[in-house]
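In: Sequence plus predicted model, see below.
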Amino acid sequence: KKRITLNDSISINMCSYIADVGMVTLSQLDKAIQLELSSDRMECFGCDGGYRMARSTHGVLSGAYYYEVLILPSIDNDINAHVRVGWSTRHGDLQSPVGFDKHSYGYRDIDGSKIHKSERYDNYGDSYSTYDVIGCYIYLDEYDSNNNTIQFYKNGINQGIAYQGENDIPKSVYFPAISLYM
């Protein structure tokens, strides 16, 4: 089983937007049934059966937001386990990986690929693996969606703009999202 954990920065960075609701975690209700969450809902475990997605408890509509994910070793040392992290609307398919459809945007561990609408662009950024910290940034302009931007970070290093503008990132509520492959 592959596992990842959300670093505490997700609660710090997102709670400023949603101060009255408390800590932002992975959602027990907005995940594929094949995925399991730790009791604090900050860690996700996979099971056999391909890519599956989980989203956070809260999304964002406008402003700049950032969260981080720590890639942990697979529980059963499965070298074929893989990870994607990114952003998804509520319409993203939970039975598919982040980036599968037009409702999600992913950064893949293999080849540092960016993925949206199942279109994979290899070598967007650096590949990543166990103990890397992956940051996911989104800027959603309240007035002009042409300014919308998604970027990813590996161990604090910006991998560049992955997606930009209204054609890539239309106005919607976006949730931190992760997917595991086993």
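Out: Happy to help now that I have it.
In: What strand or helix carries Tyr65?
Out: Element membership for Tyr65 (DSSP states H and E) is strand 63-72.
In: where along the protein do the strands fall?
Out: Assigned by DSSP state E, the chain shows strands spanning 3-6, 26-31, 36-37, 43-45, 52-56, 63-72, 82-88, 104-108, 114-116, 119-121, 133-140, 149-154, 157-164, 175-181.
In: Return the list of helices and strands in contact with the third one.
Out: The contact analysis (3 or more CB pairs under 8 Å, 6 or more residues apart in numbering; DSSP states H and E) places strand 36-37 against strand 26-31, strand 43-45. (C-beta placed from N, C-alpha, C; glycine too.)
In: neighbouring strands for the shortest one, and are they parallel or not?
Out: Going back to what we said before, that points to strand 43-45. strand 3-6 (antiparallel), strand 36-37 (antiparallel) (DSSP bridges).
In: circling back to that earlier point, JSON lines please, covering the strands of the chain and showing mean neighbour count.
Out: Below are these laid out as JSON lines (neighbours: other CB atoms under 10 Å):
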{"stretch": "strand 3-6", "mean neighbour count": "20"}
{"stretch": "strand 26-31", "mean neighbour count": "17"}
{"stretch": "strand 36-37", "mean neighbour count": "16"}
{"stretch": "strand 43-45", "mean neighbour count": "20"}
{"stretch": "strand 52-56", "mean neighbour count": "25"}
{"stretch": "strand 63-72", "mean neighbour count": "18"}
{"stretch": "strand 82-88", "mean neighbour count": "27"}
{"stretch": "strand 104-108", "mean neighbour count": "28"}
{"stretch": "strand 114-116", "mean neighbour count": "24"}
{"stretch": "strand 119-121", "mean neighbour count": "13"}
{"stretch": "strand 133-140", "mean neighbour count": "21"}
{"stretch": "strand 149-154", "mean neighbour count": "20"}
{"stretch": "strand 157-164", "mean neighbour count": "16"}
{"stretch": "strand 175-181", "mean neighbour count": "27"}
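In: returning to what we had before: partners of the strand holding Tyr65 in the sheet?
Out: For strand 63-72, the paired strands and their directions (DSSP bridges) read strand 3-6 (antiparallel), strand 133-140 (antiparallel).
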